[in-house]
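Undergrad: Sequence plus predicted model, see below.
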Amino acid sequence: MKILAGTGSFGLLVVCGFSSLPGCSTDDGQKAWNSFTSCLAGPAAQAPLAARLAQLRLIQLASPSTGAPKDAWPTRCEASVNELYNALSSSGDTAVLRRKLHEKLGCSDGAATCKLANESALLSTATELWEAASGAGLKTEAAPGVAAPQALPAPLFDAKSWQSFSDKPLKVVSPTLLPDGRALLLLKAAEGRARPTGCEFAAGFAKVHCLDSSGKMPELPAQSIELVPDAHGLFSAGLTEDGLYAFDLQSGERSEVRGSSKHLVRDGLAVDHGGQKDAKAQLSKTPDPKNLAPSKEEGYVAVQLASGKAGKDVKLAITPQGEPLTFGDQIAFLSAASDGVTFNAKSFSHGKLKDEVSAKGNFAGPLHTCSKDNQFAIAAYAGHAGQPSAKATGGEGKTQLTFTLYQGSGWSKPAEATLPFDRSAESELVCSKSGASLAYVRAADGGVQVGRLDCSADGCKTNEVKVPGLESKWWWLVAPLGDKLALMWRSSLGETRLRVAALADLPTAKDSLVFDSPDFGGPAAGDATALASDSGALLIFRDERPVALQIGVDGGAHVVTR
């Protein structure tokens, strides 16, 4: 090793240990610093701290964090940082910078040991190095011939543009998709007595209209307030001293309501448990509408409601697995038989039931549903690996799925398919003109495997593609949008990304940076509920002030406000 002592313009003791530094001049440290910072941050190297960090973050997010080639950023900057380390003195003004390089990047004398990785600590490390270099008297100047790194465009949303559609903190109740593509939800206080606000998102979810309750509507126990999904207006159910009733948010008009707390009906066919409970007694205890319902042992009844008036209860001689479902004038349920599980559907008209279908199939797991116009789709499938009590129901490593479709003239023959049991996330059923689809993702070496299941009256078909380089720590959205598929996830570096494309095009489609983590100016996004149709997706973030994010089939995203 050759050591040259000299004062030069910086008063450095220059340590020369690389063949790439023949002779080693007194300004080698400055040149190496310029080369390193230009490689790492490009023109932003000379910017003030806030602007430099913002650009460095976008450079970081534009570069792969795993499986990157050796010439990728920031690895390609290692040569210049090794030169920098060996050009600095271990005493005097440059000692602090040299020590930082050793502590943060593993630099050591003589050998090219400095390592740069695209990890969460990189930006804080860079800030410390800039501060130490300033203390050493080094300027930050552009280095000729050093290629600037690529950067992503700025995120679509930051904390300031992440605006709520509610003008005050309220709790979100039951976001629900209607058969015509609109979405409804309620906003209510978390406790006490209150009148809810109802919100309707237009088909495609790009617009929202919210309606505060009329003063004619009574204040209800907040815990008892539930959405009544109705195509003819915004209705809320709540517990009164007379029982559970629905209220028109605009007029305050009261009407009868029946069904379970997850599927209340004021106009149409409802299935309810038989018998009644003392509403006043329940109101004085726990104001929850499910406490008004008798136990399952008392059986089920069907009741037709028209404009808030309930007809006569009709006893249902059924013993279903799980809760029965209603679609139009149809009641659908699963029942156990000696030779397996049977799917049953009965139509209800003028107080009478008529058998529509009784079909045996491999129905394993709860029923998942969707509806579009006058079409109803049902699929039975269970949970995936990692969920409590989930089991592989379709053989080793597989989940059984059985599908049937009602299209106005009857139910289709049950069709069977399987899903990977080790899937990380999946969508609910999303109805289309020809049937229904479901999307799922699972981990794969160097990326993720994305699958799409499309079912019609003729059967089900599965297709998969591998998307390399995609690393997700959390899935916000996995859903079919018409002929395309939407993926929205939080990556290992904390940012949220979106990719929308046909399944075959997903591996090469570009990501959009939706928002960054709160540490880099992004919103503190809470849990989200996703609704999807063939014309778009809607994510309702259940923050203190809820936020609605619309995803279009074109891959665009925008925050929906009033």
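TA: Arrived safely.

Undergrad: Pick out the residue nearest the middle of this structure.
TA: Residue closest to the mean C-alpha point of the chain, counted by C-alpha atoms, centre = their mean, is residue 476 at 1.2 Å.

Undergrad: so that residue makes contact with residue 495?
TA: No. The pair residue 476 and residue 495 does not pass the contact test of C-beta atoms under 8 Å, sitting 11.8 Å apart. C-beta here means a position set from N, CA and C on the backbone, and glycine is covered the same way.

Undergrad: ok, back up a step: so which helix or strand takes in the residue nearest to the centre of the chain?
TA: Residue 476 belongs to strand 474-481 when assigned by DSSP states H and E.

Undergrad: and the next helix or strand after that strand, what other elements does it pack with?
TA: Later in the chain than strand 474-481, the nearest helix or strand by DSSP H and E is strand 484-490. Contact partners of strand 484-490 among helices and strands, from 3 or more C-beta pairs under 8 Å, 6 or more residues apart in numbering; DSSP states H and E: strand 447-456, strand 474-481, strand 496-501.

Undergrad: got a markdown table for the ones you listed, with distance to residue 432 too?
TA: Shown next, in a markdown table, are the helices and strands packed on strand 484-490 (distance: least, C-beta to C-beta, whole Å):
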| stretch | distance to residue 432 |
| --- | --- |
| strand 447-456 | 8 |
| strand 474-481 | 8 |
| strand 496-501 | 16 |
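
Undergrad: ok, how many other residues are close to residue 196?
TA: Residue 196 has 29 neighbours, counted by other C-beta atoms under 10 Å.

Undergrad: Identify the residues contacting it.
TA: Taking C-beta atoms under 8 Å, 6 or more residues apart in numbering, we find residue 196 in contact with 173, 186, 187, 188, 213, 220, 225, 236, 249.

Undergrad: could you redo the last one with a cut-off of 7 Å?
TA: If you count contacts by C-beta atoms under 7 Å, 6 or more residues apart in numbering, residue 196 has them with 186, 187, 188, 213, 225, 236.

Undergrad: swap in residue 391?
TA: The contact partners of residue 391, by C-beta under 7 Å, 6+ apart, come to residue 382.

Undergrad: host element of residue 404?
TA: Per DSSP H and E: strand 398-406 holds residue 404.

Undergrad: Output the contacting helices and strands for that strand.
TA: Packing partners of strand 398-406 (3 or more C-beta pairs under 7 Å, 6 or more residues apart in numbering; DSSP states H and E): strand 375-381, strand 415-420.

Undergrad: Throw those strands into TSV and include mean pLDDT, mean neighbour count and distance to residue 449, thanks.
TA: Converted to TSV, the helices and strands packed on strand 398-406 look like this (pLDDT from 0 to 100; neighbours: other C-beta atoms under 10 Å; distance: least, C-beta to C-beta, whole Å):
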stretch	mean pLDDT	mean neighbour count	distance to residue 449
strand 375-381	96	25	18
strand 415-420	97	20	8
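
Undergrad: neighbours of residue 343, just the number please.
TA: Residues lying near residue 343 (other C-beta under 10 Å) number 21.

Undergrad: wait, residue 42
TA: Neighbour tally, residue 42, other C-beta under 10 Å: 21.

Undergrad: To residue 46, which of the helices and strands packed on strand 398-406 lies closest?
TA: With C-beta to C-beta as the criterion, residue 46 lies closest to strand 415-420 of the helices and strands packed on strand 398-406, at 50.0 Å.
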